[in-house]
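Colleague: below are the sequence and a predicted model for it; my questions follow.
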Amino acid sequence: PAMGFFYVTLEKRLRMHPRFFKADISETLSNRLVLEVESTFAGRHGYIISVIKLITPIPKGVLDENTGFAVFPVQYEALVFRPFRGEVLDATVTRVTAHGFFAEAGPLTIFVSHHQMPPDMEYEPQGECWTTMDQEDKAVRGAAVRLRIIGLKIDASEVSATGSIREDYLGVMSQ
């Protein structure tokens, strides 16, 4: 499967108040772009990790007659994170329940159901963890796990995933 980081060209329509119309407007647009898009979800492209650069020259802004703002269609290159079904990720357990656990890999939250864990793992309510019979591996809050994404649901504003640790070389990683 493909790895989840990509370099893509995207476009954003930035609204700019007239008080920012100065000689350094490209720098102002660049700063505004970073503030508005970094750490956001861009639909099918995934999460925008970082704006790499603005594509120049920046087109002229179009005046919005209703607000007095100028709208600039800014193109930029960005590093994005887009997970794929079948991809293996290292994640950190963030929450443990009787039905499984939640883990995070960067901005992505992944749920691992107890049905997707090895058969020898059991829920331990007093320790709030999933543990193997020999107590060697514990999926507890803060633990590092290696998992495979088995399901993805991509909406306009977020992506949610389900994962599995029920294969060789997957599961709780040694501390």
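Modeller: Sure thing, it's come through.
Colleague: which non-adjacent residue is nearest residue 50?
Modeller: Excluding its sequence neighbours, the residue lying closest to residue 50 (Cβ to Cβ, 6 or more residues apart in numbering) is residue 79, at 4.7 Å. The C-beta positions use only the backbone N, C-alpha and C, and glycine is treated the same way.
Colleague: measure stretch 149-166 end to end?
Modeller: Distance across stretch 149-166, first residue to last, is 11 Å (Cα to Cα, to the nearest Å).
Colleague: show me what the mean pLDDT comes to for it.
Modeller: For stretch 149-166, the mean pLDDT works out to 90.
Colleague: what comes up buried for it?
Modeller: In terms of neighbour count (16 or more other Cβ atoms under 10 Å), stretch 149-166 has its buried residues at 149, 150, 152, 159, 161, 162, 163, 164, 165, 166.
Colleague: narrow those residues to those in helices?
Modeller: Applying DSSP state H to those, no entry is found in helices.
Colleague: closest to residue 17 among the residues you listed?
Modeller: residue 159 (32.7 Å; Cβ to Cβ).
Colleague: quick one: the strands in this structure?
Modeller: With DSSP state E, the ranges of strands along the chain come out as 5-16, 47-54, 62-63, 70-81, 88-97, 100-105, 108-113, 121-124, 129-132, 138-140, 144-154, 159-164, 171-172.
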